[in-house]
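Asker: Build the 3D model from these lines:
(one chain, ligands or ions: 1)
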Amino acid sequence: MKIAVYPGSFDPVTNGHLDIIQRASKIFDKVIVSILQNSNKVPMFTVEERIYFLRQVTKNLDNVEVDSFSGLLVNYMKQKSAKVIIKGLRAVSDFEYEFQMALMNNKLNPEIETLFMMTSSKYSYLSSSIVKEVARLRGCLKGLVPDEIIFEIVNKIRKTRG
Ligand code: PNS
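Answerer: Sure, this is the predicted structure:
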(Lines give C-alpha, C1' and ligand atoms only; values in the text may rest on other atoms or scores of the structure.)
Protein backbone atom coordinates (compact mmCIF):
# COMPACT_ATOMS: atom_id res chain seq x y z
CA MET A 1 0.00 0.00 0.00
CA LYS A 2 1.43 3.38 -1.03
CA ILE A 3 0.97 5.79 1.86
CA ALA A 4 1.85 9.50 1.69
CA VAL A 5 1.89 12.12 4.41
CA TYR A 6 0.94 15.73 3.69
CA PRO A 7 2.32 17.64 6.71
CA GLY A 8 1.73 21.24 7.60
CA SER A 9 0.27 23.80 9.95
CA PHE A 10 -3.08 24.10 8.13
CA ASP A 11 -3.97 27.18 10.22
CA PRO A 12 -6.52 27.06 8.59
CA VAL A 13 -6.79 24.72 5.57
CA THR A 14 -7.17 26.74 2.36
CA ASN A 15 -8.52 25.86 -1.08
CA GLY A 16 -4.88 25.54 -2.17
CA HIS A 17 -4.28 22.80 0.44
CA LEU A 18 -7.52 21.07 -0.49
CA ASP A 19 -6.53 21.03 -4.16
CA ILE A 20 -3.25 19.28 -3.28
CA ILE A 21 -5.08 16.78 -1.01
CA GLN A 22 -7.60 15.93 -3.75
CA ARG A 23 -4.89 15.43 -6.37
CA ALA A 24 -2.64 13.40 -4.03
CA SER A 25 -5.56 11.16 -3.08
CA LYS A 26 -5.77 10.08 -6.73
CA ILE A 27 -2.10 9.07 -6.79
CA PHE A 28 -1.72 7.28 -3.44
CA ASP A 29 -3.65 4.46 -1.76
CA LYS A 30 -3.78 6.51 1.40
CA VAL A 31 -2.98 10.14 2.19
CA ILE A 32 -2.50 11.19 5.80
CA VAL A 33 -2.90 14.94 6.26
CA SER A 34 -1.04 15.64 9.47
CA ILE A 35 -0.87 18.81 11.53
CA LEU A 36 2.34 19.68 13.34
CA GLN A 37 1.72 20.23 17.06
CA ASN A 38 3.89 22.65 19.03
CA SER A 39 5.40 24.50 16.07
CA ASN A 40 7.18 27.79 16.81
CA LYS A 41 4.33 29.66 15.17
CA VAL A 42 1.48 30.84 17.40
CA PRO A 43 -1.60 29.39 15.71
CA MET A 44 -4.97 31.06 15.38
CA PHE A 45 -6.81 27.74 15.57
CA THR A 46 -6.16 24.91 18.04
CA VAL A 47 -4.98 21.55 16.71
CA GLU A 48 -8.49 20.17 17.46
CA GLU A 49 -10.13 22.96 15.44
CA ARG A 50 -7.74 22.43 12.54
CA ILE A 51 -8.39 18.67 12.61
CA TYR A 52 -12.12 19.34 12.60
CA PHE A 53 -11.83 21.71 9.59
CA LEU A 54 -9.71 19.21 7.66
CA ARG A 55 -12.10 16.32 8.44
CA GLN A 56 -15.06 18.41 7.31
CA VAL A 57 -13.52 19.29 3.97
CA THR A 58 -12.12 15.83 3.21
CA LYS A 59 -15.11 13.79 4.33
CA ASN A 60 -15.84 12.76 0.72
CA LEU A 61 -12.32 11.42 0.18
CA ASP A 62 -12.31 7.82 1.45
CA ASN A 63 -8.55 7.37 1.36
CA VAL A 64 -7.70 10.57 3.24
CA GLU A 65 -7.03 10.50 6.97
CA VAL A 66 -6.47 13.51 9.25
CA ASP A 67 -4.05 13.32 12.13
CA SER A 68 -1.48 15.36 14.09
CA PHE A 69 2.12 14.76 15.06
CA SER A 70 4.93 16.17 17.14
CA GLY A 71 8.67 15.73 16.88
CA LEU A 72 10.49 14.72 13.75
CA LEU A 73 8.37 14.15 10.67
CA VAL A 74 10.52 11.19 9.58
CA ASN A 75 9.85 9.40 12.90
CA TYR A 76 6.13 9.96 12.50
CA MET A 77 6.31 8.62 8.93
CA LYS A 78 8.00 5.43 10.10
CA GLN A 79 5.25 4.94 12.66
CA LYS A 80 2.68 5.29 9.86
CA SER A 81 4.63 3.10 7.37
CA ALA A 82 4.69 6.04 4.93
CA LYS A 83 7.58 6.67 2.54
CA VAL A 84 6.44 9.79 0.69
CA ILE A 85 6.06 13.37 1.93
CA ILE A 86 3.74 15.53 -0.17
CA LYS A 87 4.48 19.23 -0.40
CA GLY A 88 2.73 21.91 -2.40
CA LEU A 89 4.83 24.54 -4.16
CA ARG A 90 3.25 27.88 -4.99
CA ALA A 91 6.16 29.95 -6.23
CA VAL A 92 9.93 29.98 -6.60
CA SER A 93 10.06 31.68 -3.20
CA ASP A 94 8.82 28.46 -1.55
CA PHE A 95 11.54 26.44 -3.17
CA GLU A 96 14.64 27.21 -1.13
CA TYR A 97 13.17 26.31 2.25
CA GLU A 98 11.31 23.29 0.90
CA PHE A 99 14.46 22.05 -0.82
CA GLN A 100 16.39 22.32 2.46
CA MET A 101 13.67 20.43 4.36
CA ALA A 102 13.46 17.72 1.71
CA LEU A 103 17.23 17.18 1.83
CA MET A 104 17.25 17.14 5.64
CA ASN A 105 14.41 14.63 5.80
CA ASN A 106 16.18 12.46 3.26
CA LYS A 107 19.39 12.70 5.27
CA LEU A 108 17.54 11.71 8.46
CA ASN A 109 15.93 8.77 6.66
CA PRO A 110 17.16 7.98 3.13
CA GLU A 111 14.06 5.86 2.48
CA ILE A 112 11.88 8.97 2.58
CA GLU A 113 11.12 10.82 -0.66
CA THR A 114 9.52 14.27 -0.91
CA LEU A 115 7.11 14.74 -3.78
CA PHE A 116 6.44 18.34 -4.78
CA MET A 117 3.14 19.16 -6.42
CA MET A 118 2.63 22.51 -8.13
CA THR A 119 -0.35 24.37 -6.71
CA SER A 120 -3.01 25.14 -9.32
CA SER A 121 -2.42 28.62 -10.72
CA LYS A 122 -5.81 29.79 -9.45
CA TYR A 123 -4.62 29.20 -5.88
CA SER A 124 -0.99 30.23 -6.19
CA TYR A 125 -1.54 33.49 -4.27
CA LEU A 126 -3.18 31.75 -1.32
CA SER A 127 -1.66 31.04 2.08
CA SER A 128 -3.13 30.47 5.53
CA SER A 129 -1.52 33.72 6.69
CA ILE A 130 -3.10 35.85 3.98
CA VAL A 131 -6.47 34.19 4.59
CA LYS A 132 -6.23 35.06 8.31
CA GLU A 133 -5.33 38.65 7.44
CA VAL A 134 -8.37 38.97 5.17
CA ALA A 135 -10.60 37.34 7.80
CA ARG A 136 -9.35 39.62 10.59
CA LEU A 137 -10.05 42.66 8.42
CA ARG A 138 -13.56 41.36 7.67
CA GLY A 139 -12.90 40.59 4.01
CA CYS A 140 -14.84 37.94 2.10
CA LEU A 141 -13.41 34.41 2.38
CA LYS A 142 -15.43 32.94 -0.49
CA GLY A 143 -13.14 31.03 -2.85
CA LEU A 144 -10.21 31.21 -0.43
CA VAL A 145 -11.18 28.43 1.97
CA PRO A 146 -13.74 25.65 1.55
CA ASP A 147 -17.31 26.94 1.95
CA GLU A 148 -18.05 24.51 4.82
CA ILE A 149 -15.60 26.24 7.17
CA ILE A 150 -16.12 29.94 6.34
CA PHE A 151 -18.74 30.41 9.05
CA GLU A 152 -16.55 28.78 11.70
CA ILE A 153 -13.51 30.87 10.81
CA VAL A 154 -15.50 34.12 10.92
CA ASN A 155 -17.13 33.05 14.19
CA LYS A 156 -13.81 32.27 15.84
CA ILE A 157 -12.40 35.64 14.83
CA ARG A 158 -15.48 37.38 16.13
CA LYS A 159 -15.08 35.61 19.51
CA THR A 160 -11.37 36.45 19.68
CA ARG A 161 -12.27 40.10 19.19
CA GLY A 162 -14.72 39.88 22.10
O1 PNS B 1 2.65 24.42 6.84
P2 PNS B 1 4.08 24.57 7.32
O3 PNS B 1 4.11 25.36 8.59
O4 PNS B 1 4.96 25.16 6.26
O5 PNS B 1 4.65 23.09 7.65
C6 PNS B 1 5.97 22.88 8.06
C7 PNS B 1 6.19 21.40 8.47
C8 PNS B 1 5.17 20.99 9.53
C9 PNS B 1 6.00 20.53 7.26
C10 PNS B 1 7.65 21.28 9.00
O11 PNS B 1 7.86 22.27 9.95
C12 PNS B 1 7.96 19.93 9.64
O13 PNS B 1 7.98 18.91 8.98
N14 PNS B 1 8.19 19.93 10.97
C15 PNS B 1 8.44 18.72 11.74
C16 PNS B 1 9.79 18.77 12.43
C17 PNS B 1 10.87 18.13 11.58
O18 PNS B 1 10.78 16.99 11.19
N19 PNS B 1 11.92 18.91 11.29
C20 PNS B 1 13.04 18.47 10.50
C21 PNS B 1 12.73 18.53 9.03
S22 PNS B 1 13.54 19.82 8.26
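Asker: touching the ligand at all, the one helix or strand Ser129 maps to?
Answerer: Ser129 belongs to helix 128-136 when assigned by DSSP states H and E. No. Helix 128-136 is not in contact with the ligand by C-beta under 6 Å from any ligand atom; minimum separation 7.3 Å. Just so you know, the C-beta spots here come from the backbone N, C-alpha and C atoms, and that holds for glycine as well.
Asker: List the neighbours of that helix that are in contact with it.
Answerer: Contacts to helix 128-136, defined as C-beta atoms under 8 Å, 6 or more residues apart in numbering, come from residues 9-14, 44, 140-141, 144-145, 153-154, 157.
Asker: Equivalent analysis for stretch 137-154, please.
Answerer: In this structure, residues lying in contact with stretch 137-154 by C-beta under 8 Å, 6+ apart are 12-15, 18, 49, 53, 56-57, 126, 131, 134-135.
Asker: can you check stretch 51-68 too?
Answerer: Residues contacting stretch 51-68 (C-beta under 8 Å, 6+ apart): 10, 12-13, 18, 21-22, 25, 28-37, 45, 47, 80, 146, 148-149, 152.
Asker: Which ones among the residues you listed map onto strands?
Answerer: Assigned to strands by DSSP state E, the following of these qualify: 30-36.
Asker: Of these - the most surrounded one?
Answerer: Val33 (30 neighbours; other C-beta atoms under 10 Å).
Asker: Could you verify my assumption that it touches Ser9?
Answerer: No. Counting by C-beta atoms under 8 Å, Val33 does not reach Ser9; the two are 11.5 Å apart.
Asker: Does the ligand have contacts with the longest helix seen in the chain?
Answerer: Determined from DSSP state H, the single longest helix within the chain is helix 92-108. Yes. Using C-beta under 6 Å from any ligand atom, helix 92-108 reaches the ligand at 101, 104-105.
Asker: Pull out the buried positions in that helix.
Answerer: Applying a neighbour-count criterion of 16 or more other C-beta atoms under 10 Å, one finds 94, 102, 105 buried in helix 92-108.
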